[in-house]
Structure formats: C-alpha cells, structure tokens
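Q: Pasting the sequence and the predicted coordinates here, then a few questions.
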Amino acid sequence: MICEFSPITVHGYVDGELDAVRSAEFERHLENCAECQATLQRVESLRGRLQQSNLYEYASPRLRERVRKQLGFATGVQVSGNLPRRFLMPALAGLLAAAVFLIVFFLISPGSQIAPITAELIDAHVRSLQPGHLTDVQSTDQHTVKPWFDGRLDFVPPVADYSAQGFPLLGGRLDVVDGRTVAGVVYGRRKHLINLFAWPARGQKGLSAASGSQQGYNWIMWRSGDMQLCLVSDASAADLHELKNLINR
Amino acid sequence: MLEPQDKTRFEQLVLPHLDSAANLARWLLRNRADAEDVAQEAMLRAYRFFDRFRGGDARAWLLQIVRNTCYSWLEKHRPGELMTEFDEDLHQRPGPNPETLATQADERQQLMRALESLPPRSREVLVLRELEGCSYKEIAEVTGIPMGTVMSTLSRARERLQRALVSAAAKEAS
C-alpha cells in the first residue's frame, strides 16, 4: 500500500491539529498503513517519555520573589517596599505599618490560603478515584452534564467535551471543599483522570493563579472571570496546562 | 509606570505565567541560573510593554517576549550557539560533572541531554508543544514560524530528538 498522506500528517494527528474530516480520513488510512502506524507509535512514545520525565522547570521561589519585588508587587519577604514612602519616614510609624501590613498580608496572601485548599482538592481528587465515587452524572455529552449541574448549584461551572483534543468529558459530580459545595467535572487523558473543580470566586481576593505538585499529583489553580478553577490529576503538568488553555478559550 | 488597574490586570493575566517563562528560558539557555536572570528581564519587558498587549492569549504574548529576550541574550553571550545546526560537541562530551556520569542511565538525564543537543529552533518547538502544551497557533505566535509550517517544524524536531536518543543509547551500549 502506498501512503497517500504526507509523513508529517501523523504529527498533526497526534497533536490534535487536524480538522475533524481530515482526522477521520487519516484514522481510516491508519488501519491499513503500517508505516504511519509505526510513526504514530514512535511519536506517541516519545511524547510519553518527555511528559513523564519531569522536564518542566518551574520558576523557583527565589525568581518569583525577585520578579514581584522588581515590579513592585507584594512579596512574602519585602513588605515595606510596597508601602507609601511617607509611612516609612518616621521609623516608628513605618514599623507599625509594616506590622499591620504583615498581618493583613498573611490573612489574604495566596500562599496561606492556597496550600490548605489544594490539599483538600487533592484529597477530593483521590476520593473520586475510589470505586463508585468518580461521577454523579456519567455522560460524555456536555448537554447532559451541564443541565445536571443547573439544578444543584447556584453557579454555572464550565463544562465542555474536548474529545477531539484528547480530553474526553466523562461526567460531573458535586463535592464539598473548604466548607462549600464545588462542581467536579471529570475529564480523561489517555489512562489518567483529571478533576476540574469549580466554585464562585466572589470575595476571595487572595486566591489567584498558582500551580504545583503535591503527593505525586499535579494541580493548577486559576481564576476565570468570577470563577475559581483548579485542575488536579496524576497526568503531566503539560497536559493540565493544555486542558486549562482549552477551558479558557 | 502602569496605572493601578493595569497593574492589577498584569498581575492577573501575565504574572501567573512565570512558570512558563522560566521553563522556556531554561530550555533555550540550557542553564538554570542564566534562565532566571533572563526570565526576570523578560518579565520586566512585558511589564513595560503591557500597554501594547491587546488582550488574547497572555501566555503566548509573554512567551514571545521571553523567546526574544533569550535569543538576544544568546547573541550577546554565546553567539556560536545560534549558528550550530546540531551541537555535536555537547552531544559527544560526557556529562558536565561526575554525578551526571553516575546517573547516565537515568531516563530524565538522557532526555535532557538529547533535547539540549538539538538546535534551539528545534528545541523550542518541542518544549512549547510537549512540555508547555501549546497549540500550533500559539507556537506560531511565540516563535514567529508561519502557522502552516509548525507541523513540519515539529516533525523535524521530533525526528532529530529521536535520532539523538538512539545515538546516545548506542554510545552507552558500546
């Protein structure tokens, strides 16, 4: 059999960048083309190796601190730099202000709030992996999952099926995190499960964007409009970033 | 200096992508300490040029600045690197320290060195696609490669990486 597809098509297919028609054509072709099958396998195995080897280099806390300080954003250490100059002139007033600032800072700083919440979200993720706990509504159809949430929440979580991009929608669930009901939307990624947690961000100034890994699970927290969102999974950080981008689109 | 509301927007839209900036700089410069300096400089540039950001994909916008800052830095400090198509030298030489030698079998180490042996223009598309999870459109935006040639650039880069890994494995076996 002569391969009528250009050898680079396989890459577009693996990357989910072919349109639906071309993708279907290519899948049909793939059944009979040993050459393309072999390429597909090589590309997928290479991707698997790259994503499973922790090659992603996150910004160090030091860099984070340096950047925030240079741009004049509040940091964990350099607090006084953010205060108006006139407070700093009289030493006493300056000290007092710094003390007040520190207290306020620790009350609202993302670091102090994000840590316990991500720990809870990871627990919720682990709980969902137990038999029978993954979904309350099991469907790959966003038009089934979305209305299911409608009757149960006072906010609308983002729900969409990203099968074409390799993140099939598997279903939805309600969870309780930090004393409030949150939406859990479940996606698949190859053999991994990804939980998207969503809840209204109203009045939570401190929770902004962050990502990290704890107990072997990767998480990304961010805010979209007035919704606080968090992805948790044992899938690679790159996969989570990819899904986050799809959700933000 | 940004207006307070723009400052808040910068903090919400751009600053969260500091990880992406650090990661791309690390892989383009192949060195963590230099990467941190350059990522910081890129952040400062992004901050200064924030009034030119017209909305859209903030990560791609930032990464484009990071990439340009990295290339300017390389031109200034290691001009040879941008010329080499394939860094035979880096590829052949043993690890930079004894520890690397001891863990040569380590998968991560192997991938790292193979990736680092690729020319920067192959390396960056792989990092953007496989580590950063960028779409072709985003890769085009960050690198300035025309959208229509992202797929072929990636296919070439993957083949190169594959070859580098195979030849590294062969060298180890001999």
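A: Nice, thanks for sending it over.
Q: When you work out contacts or count neighbours from here on, use the C-alpha atoms and nothing else.
A: Will do.
Q: Could you list the low-pLDDT ranges of chain B?
A: Low-confidence segments of chain B, defined by pLDDT under 70: B:1, B:84-105.
Q: all helices for it, in order.
A: Assigned by DSSP state H, the helices in chain B fall at B:4-13, B:18-29, B:32-48, B:58-77, B:79-83, B:88-92, B:98-102, B:107-117, B:120-126, B:136-143, B:150-173.
Q: Can you lay out those as CSV showing mean neighbour count?
A: Shown next, in CSV, are the helices of chain B (neighbours: other C-alpha atoms under 10 Å in any protein chain shown):
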stretch, mean neighbour count
helix B:4-13, 15
helix B:18-29, 25
helix B:32-48, 20
helix B:58-77, 19
helix B:79-83, 13
helix B:88-92, 13
helix B:98-102, 11
helix B:107-117, 20
helix B:120-126, 23
helix B:136-143, 21
helix B:150-173, 17
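Q: Can I get those in JSON lines including distance to A:Tyr187?
A: Shown next, in JSON lines, are these (distance: least, C-alpha to C-alpha, whole Å):
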{"stretch": "helix B:4-13", "distance to A:Tyr187": "25"}
{"stretch": "helix B:18-29", "distance to A:Tyr187": "23"}
{"stretch": "helix B:32-48", "distance to A:Tyr187": "33"}
{"stretch": "helix B:58-77", "distance to A:Tyr187": "23"}
{"stretch": "helix B:79-83", "distance to A:Tyr187": "41"}
{"stretch": "helix B:88-92", "distance to A:Tyr187": "40"}
{"stretch": "helix B:98-102", "distance to A:Tyr187": "38"}
{"stretch": "helix B:107-117", "distance to A:Tyr187": "28"}
{"stretch": "helix B:120-126", "distance to A:Tyr187": "25"}
{"stretch": "helix B:136-143", "distance to A:Tyr187": "22"}
{"stretch": "helix B:150-173", "distance to A:Tyr187": "26"}
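Q: Quick check: residues of chain A near chain B?
A: Taking C-alpha under 8 Å from any C-alpha of the partner chain as the contact definition, chain A meets chain B at A:8-9, A:11-12, A:15, A:17, A:43, A:46-47, A:50-51, A:53-59, A:63-64, A:66-67, A:70-71, A:208-210, A:237-239, A:241-242.
Q: List buried members of those residues by neighbour count.
A: Applying 16 or more other C-alpha atoms under 10 Å in any protein chain shown to the residues of chain A next to chain B, the neighbour count classes A:8-9, A:11-12, A:15, A:17, A:43, A:46-47, A:50-51, A:53, A:55-59, A:63-64, A:66-67, A:71, A:208-210, A:237-239, A:241-242 as buried.
Q: picking that back up, in a markdown table: the helices of chain B, plus distance to chain A.
A: Below are the helices of chain B laid out as a markdown table (distance: least, C-alpha to the nearest C-alpha, whole Å):
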| stretch | distance to chain A |
| --- | --- |
| helix B:4-13 | 7 |
| helix B:18-29 | 5 |
| helix B:32-48 | 6 |
| helix B:58-77 | 10 |
| helix B:79-83 | 21 |
| helix B:88-92 | 18 |
| helix B:98-102 | 16 |
| helix B:107-117 | 5 |
| helix B:120-126 | 9 |
| helix B:136-143 | 7 |
| helix B:150-173 | 6 |
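Q: how far is stretch A:186-202 from where the chain is centred?
A: Centroid separation for stretch A:186-202 versus its chain: 8 Å, with C-alpha atoms, centre = their mean, to the nearest Å.
Q: Just the mean pLDDT for that stretch, thanks.
A: Taken as a whole, stretch A:186-202 carries a mean pLDDT of 89.
Q: From the rest of the structure, what touches it?
A: A:121, A:125, A:134-135, A:155, A:157-158, A:166-173, A:181-185, A:223, A:226-235, A:239 (C-alpha atoms under 8 Å, 6 or more residues apart in numbering or on different chains).
Q: Just to be sure, which of those are found in strands?
A: Among these, DSSP state E puts A:169-173, A:181-185, A:223, A:227-233 in strands.
Q: coming back round to it: the buried ones among the residues of chain A next to chain B in helices, which ones?
A: Judged by DSSP H, these include A:9, A:11-12, A:43, A:46-47, A:50-51, A:63-64, A:66-67, A:237-239, A:241-242 as members of helices.
Q: Out of the contacts of stretch A:186-202, which end up buried?
A: For the contacts of stretch A:186-202, a burial check counting by 16+ other C-alpha under 10 Å picks out A:121, A:125, A:134-135, A:157-158, A:166-173, A:181-185, A:223, A:227-235, A:239.
Q: so for stretch A:14-23, what's the average pLDDT?
A: The pLDDT scores in stretch A:14-23 average 90.
Q: in it, what's buried?
A: A:14-18, A:23.
Q: what about stretch A:177-195, start to end distance?
A: End-to-end span of stretch A:177-195 (C-alpha to C-alpha, to the nearest Å): 13 Å.
Q: Can you give me the buried ones in it?
A: Across stretch A:177-195, burial judged by 16+ other C-alpha under 10 Å covers A:177, A:181-189, A:193-195.
Q: So which of those is the closest to A:Asn218?
A: Comparing these against A:Asn218 with C-alpha to C-alpha places A:Ile194 closest, at 9.8 Å.
Q: I'd like the domain boundaries of chain A, if you could list them.
A: Domain ranges of chain A: A:9-51, A:58-108, A:110-248, per automatic domain parsing.
Q: Distance from the last one to the middle of the chain?
A: Domain A:110-248 has its average C-alpha position 8 Å from the chain's average C-alpha position, going by C-alpha atoms, centre = their mean.
Q: lowest average confidence, helix or strand, in chain A?
A: Using mean pLDDT, DSSP states H and E, helix A:85-88 stands out as the lowest-scoring helix or strand of chain A, at a mean of 44.
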